[in-house]
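**Q** Just to be clear, the model below is a prediction. Sequence and coordinates:
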Amino acid sequence: MSAGGVIALTENPTPGQVLQARIAVALLVGLVAASAIWYGVTFQGLSRLWTDLLDRPGGPMTFRFILQPAMAALAAFHDGLSDARTGRPPYAWALVRLAEGRSARLWEGVVSTARILILGAVVDVIYQAVVLKSFYPAQAAVIAILLAFVPYAVLRGPIARLARLWIARSASA
């Protein structure tokens, strides 16, 4: 914890990492906004979103459903180890339960997964052009978040817990 009780970032991101994170957020927000402008928000659009999302894992470019979560798991491993060394609370738990420092922790996750988020959105745009022969911007944003940020957020806490156990066991031995 730093002054004022706010949880400090374990590592200071480089200017390049901050730029990537800003680009990722701008891209995802832009895709959702473009979708709302072009298609509006309708039950038909939401139904199409879920139908198309469920069709993706069995179609072409299925490798991304393994590659992108694996990349997110590596980022979660790195940050989870850092959390264990510094004694920080589990990531997803802190996002949900601790209002203090929530935005800093969320931003930390975005910085860690920015490249994966951008890759996910770009690959999904290509998928839509090749397979769907149309463009649904919000779907690209949702897929990027589901394949990059969600696995990161889910795995980081358990990795930190396991690392804490391993560190404690090593210290006692």
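**A** Good, I have the coordinates.
**Q** and Leu147, how far is that from Trp38?
**A** Per Cβ to Cβ, to the nearest Å, Leu147 is found 23 Å from Trp38. From N, CA and C alone the C-beta is placed, and that goes for glycine too.
**Q** ok, Ser35 - contacts?
**A** Under the criterion of Cβ atoms under 8 Å, 6 or more residues apart in numbering, the contact list for Ser35 reads 45, 136-139, 141.
**Q** Verify the stated contact: Val32 with Ala138.
**A** Yes - with contacts counted by Cβ atoms under 8 Å, Val32 reaches Ala138, the gap being 5.2 Å.
**Q** Neighbour count for the two, which is higher?
**A** Counting neighbours by other Cβ atoms under 10 Å for Val32 and for Ala138 shows that Ala138 has the greater number, 20 against 16.
**Q** Can you tell me the element the more buried one falls in?
**A** Element membership for Ala138, per DSSP states H and E: helix 137-144.
**Q** Okay, buried residues for that helix please.
**A** Neighbour-count burial for helix 137-144, counted by 16 or more other Cβ atoms under 10 Å, picks out 137-144.
**Q** Just the CA trace of it, in CSV.
**A** Backbone C-alpha positions of helix 137-144 (Å, rounded to 0.1, in the frame of the first residue of the first chain) are rendered in CSV as follows:
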residue,chain,number,x,y,z
PRO,A,137,-18.0,-3.8,-34.5
ALA,A,138,-19.3,-4.7,-31.0
GLN,A,139,-18.7,-8.4,-31.7
ALA,A,140,-15.0,-7.7,-32.3
ALA,A,141,-14.9,-5.8,-29.0
VAL,A,142,-16.7,-8.5,-27.0
ILE,A,143,-14.5,-11.3,-28.5
ALA,A,144,-11.3,-9.4,-27.6
